[in-house]
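> output the structure for:
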Amino acid sequence: MANVFDVAPETIAAMSQNGVFLCASADGKANPMTMGWGGFNFYWRKPLFVAPVRHVRFTHQLLEKNGQFTVCVPKQPLDSNMKSALQICGTKSGRDIDKWAECGLVQQNAKEVNVPIVGGCGIIVECKVVYKQDFDTSIMPPDIQAMYQTDGTHTLYYGEIVACYRNE
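A predicted model of the protein is given here:
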């Protein structure tokens with residue numbers, strides 16, 4: 001297992017540049033979504049990944065059922081296929097299309113959770129949700145409140161990192 005905090009800088013850099021894949025799965029349906037923010041933390045003597053997911057997203061529905069997720073960081077620099085997949089997974093809903101087929105992504109088995117990983121990604125973080133919290137927009141500054149006028153708020157999923165590795 002890779003040291004979680006050794007892969008954190010690469011993961012955060014990838015999130016801020018083009019995004020990473022957050023995968024969730026329930027009821028026989030797996031869904032990759034593009035995530036552009038989130039992060040690593042250390043709470044309750046455990047390494048955690050905090051994943052924000054809007055309530056309206058299909059991924060939110062899957063996380064509520066299964067409580068497990070994977071974070072898959074594409075190898076850098078991105079090729080055109082991976083750039084396109086990140087774009088599609090960030091703008092289309094898994095309720096409407098099979099993103100795996102649409103993007104030509106390959107599902108691989110995770111090591112410790114019942115959620116697939118995206119083949120071809122270089123860093124994999126597998127998590128089990130230990131806590132979740134909905135945003136309270138009433139305490140946010142007005143400029144941030146304005147971001148939540150149309151699509152609702154996020155739930156922050158605090159996932160205990162149960163596996164973290166380089167997928168070479």
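
> buried stuff in the helix or strand where P52 lies?
Element membership of P52, judged by DSSP states H and E, is strand 46-54. Using 16 or more other CB atoms under 10 Å as the test for burial, strand 46-54 gives P47, L48, F49, V50, A51, P52, V53. Using the backbone N, CA and C atoms, a C-beta is placed for each residue, glycine as well.

> please apply the same query to stretch 77-93.
Neighbour-count burial for stretch 77-93 [16+ other CB under 10 Å]: L78, M82, A85, L86, I88, C89, K92.

> want to throw those residues into a markdown table with pLDDT, distance to A14 and secondary structure?
Below are the buried residues of stretch 77-93 laid out as a markdown table (pLDDT from 0 to 100; distance: CB to CB, whole Å; DSSP: H, G, I helix; E, B strand; the rest coil):
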| residue | pLDDT | distance to A14 | secondary structure |
| --- | --- | --- | --- |
| L78 | 92 | 9 | coil |
| M82 | 95 | 11 | helix |
| A85 | 97 | 13 | helix |
| L86 | 97 | 10 | helix |
| I88 | 97 | 17 | helix |
| C89 | 97 | 14 | helix |
| K92 | 95 | 20 | coil |
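
> which of the residues you listed sits closest to E168?
Checking the buried residues of stretch 77-93 against E168 by CB to CB gives M82 as the nearest, at 15.9 Å.

> how about the closest one, nearest residue that isn't a chain neighbour?
Here the nearest residue to M82 in space, its sequence neighbours aside, is P74; by CB to CB, 6 or more residues apart in numbering that works out to 4.7 Å.
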